[in-house]
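Colleague: What shape does this take:
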Amino acid sequence: MGELVLYNTRTRRKERFAPLEAGCARVYTCGPTVYAPQHLGNLRSQLFADLLVRALLAEDYRVTHVVNITDVGHLTDDADAGEDKLERAAARSGRRASEIAEEHTRQWQRDRARLGCREPDVLCRATEHVPEQIEMIRRLEARGYTYQIEDGIYFDTSKFPRYAEFGRLQLEEQEAGVRIEDVPGKRQPADFALWKFPPPGVRRQQEWDSPWGRGFPGWHIECSAMSTKYLGERFDLHTGGMEHIKIHHTNEIAQSECALEVHPWVNYWLHHEFVNFGGRKMAKSVGNAEVLDDVVARGHPALSYRYFFLQAHYRQPQSLSEEALAGAATGYDRLLGAALAVREAPGAVDPARTGPARERFRAAIRDDLNAPRALAVAWEVARSQELAPAERWALLREFDEILRLDLARAVPRAQLAESDPRIDDLVRRREEARQRRDWREADRIRDELVAEGIALEDTPQGPRWRRG
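Modeller: Numbering: from 1, shown residues only. Predicted coordinates:
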């Protein structure tokens, strides 16, 4: 195992990764709140976590990766005011909250797969772990960290002296700038909800019985309860977006360390920066949310967005535009073309000749997941005149275990017989069904394509199609 170095938000410096258990890496990633389609900014969190997991696997760690689905409890205001996002979406659409959550969960899973992300070892939904959340709140209550007001059960941040450390918070300034009247009865502005009660006379779709009355869990408690269930009371790595540092992750740490009586609860915290679109952070609330289908509809391969992600370090913001996407798609096409030229090339591979490039690539990844530098090494290999075709292909295939650009199967757009986003999607779904050996579904999709006059060819580089 090499010296993997990661920037730890907890200590604000790069540190050599040293797991709690030798040879094992336990990772928790904050997943989506599934009240609306997941946009490209949301997907950066998954690409980042996937890069981390692939880097750990490349170092021969046994990885357990847990990702959550927030399908209850995330309010429109992170300071515990406003409505539950799922309940509000259900009320506006006239649909069941569970139907909305399932629809957007499927979209998120489909997009993760299209971007080459590994399936998490555990995908856990907040609504399926309410008993675990109640139990953690009970432990906090028994240790004197909670209080009850008309609105719900709250964590008393004044009882946790380290509360401001992780987010480098200035609580005095926070108290001056936040009105606790937004939630009558809160003792400090930083106090946060563990369990919420519906307003009097309101019947929600998602609510449960609890020792304190019927209600629903707060947003923060779900991650603490589910991560510890699957990873233990202490674990190695927790990932998420920069926006989570000052509230969500600060609150996770407070409730977890108090309920479990541990410190530190998580050893390494890794955070990625935003994707900006039109000069502003991409967000549903801003109204500038682009989804992966938008990329594909404009004729770009889905994996060109992964290529776009790899062009910047995860701790740097990225500016997304049509020009940037088109440039990433062109770069991806060219790399595919270089890979296709040497794909499965025969001949011997000399480790002495391939070693230097391999070491440069691994050094880049080991240096806080420096994807742009690693991608540059992949380009050096693809263009090399000193390496034999078989040696170039051996390296590119190895690099792609981390880059995951599908260099072994994908082909440049110019070499595809035809392109149609709807047909491409059907062909992709058939290939996914074949890979999971769901032959009935694969045959059904093939029959649907044949009925439209589409001829399919299964090649070593993947399926291709043409009309007629």
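
Colleague: what's around Trp439, how many residues?
Modeller: Look at Trp439: counted by other C-beta atoms under 10 Å, it has 10 neighbours. Yep, even glycine has a C-beta here, placed from its N, CA and C like the rest.

Colleague: Now do the contacts for the residue nearest to it when sequence neighbours are not counted.
Modeller: Using C-beta to C-beta, 6 or more residues apart in numbering and skipping the chain neighbours, the partner closest in space to Trp439 is Ala433 (7.6 Å). The contact partners of Ala433, taken as C-beta atoms under 8 Å, 6 or more residues apart in numbering, are Trp439, Glu441, Ala442, Ile445.

Colleague: Could you say which helix or strand holds the second one?
Modeller: Per DSSP states H and E, Glu441 falls inside helix 439-451.

Colleague: Buried residues in that helix, which are they?
Modeller: Judged by neighbour count (16 or more other C-beta atoms under 10 Å), helix 439-451 contains these buried residues: Ala442, Ile445, Arg446, Leu449.

Colleague: Can you spell out which helices and strands pack onto that helix?
Modeller: Of the remaining helices and strands, those touching helix 439-451 by 3 or more C-beta pairs under 8 Å, 6 or more residues apart in numbering; DSSP states H and E are helix 421-435, strand 454-459.

Colleague: Tell me which of the ones you listed sits nearest to Ile245.
Modeller: helix 421-435 (35.7 Å; C-beta to C-beta).

Colleague: Could you tell me how far that closest one lies from the centre of the chain?
Modeller: Averaging C-alpha coordinates over helix 421-435 and over its chain gives two centres that are 23 Å apart (C-alpha atoms, centre = their mean, to the nearest Å).

Colleague: One more: stretch 228-238?
Modeller: Offset of stretch 228-238 from its chain centre (C-alpha atoms, centre = their mean): 17 Å.

Colleague: what does stretch 393-413 give?
Modeller: Distance, stretch centre to chain centre, for stretch 393-413: 21 Å (C-alpha atoms, centre = their mean).

Colleague: average pLDDT for it?
Modeller: The pLDDT scores in stretch 393-413 average 95.

Colleague: For that stretch, buried residues please.
Modeller: Within stretch 393-413, the residues that qualify as buried are 393-396, 398-400, 402-408, 410-413, counting by 16+ other C-beta under 10 Å.

Colleague: Spell out which helix or strand contains Arg362, please.
Modeller: Assigned by DSSP H and E, Arg362 falls within helix 351-366.

Colleague: I believe Ser256 is in a strand; please confirm or correct that.
Modeller: No. Using DSSP: H, G, I helix; E, B strand; the rest coil, the secondary structure at Ser256 is helix, not a strand.

Colleague: Return the distance of it relative to Leu123.
Modeller: In this structure, Ser256 and Leu123 are separated by 21 Å, where distance is defined by C-beta to C-beta, to the nearest Å.

Colleague: More neighbours: these two, which one.
Modeller: Per other C-beta under 10 Å, whichever of Ser256 and Leu123 has more neighbours is Ser256, with 26 against 14.

Colleague: Please give me every residue in contact with that one.
Modeller: Contacts here follow C-beta under 8 Å, 6+ apart; on that basis Ser256 touches Ser224, Thr228, Val262, Trp265.

Colleague: For the first one, what is the enclosing helix or strand?
Modeller: Here Ser224 is covered by helix 219-231, with elements defined by DSSP H and E.

Colleague: buried stuff in stretch 323-340?
Modeller: Along stretch 323-340, these residues count as buried under the neighbour rule (16+ other C-beta under 10 Å): Leu325, Ala328, Ala329, Gly331, Tyr332, Asp333, Leu335, Leu336, Ala338, Ala339, Leu340.
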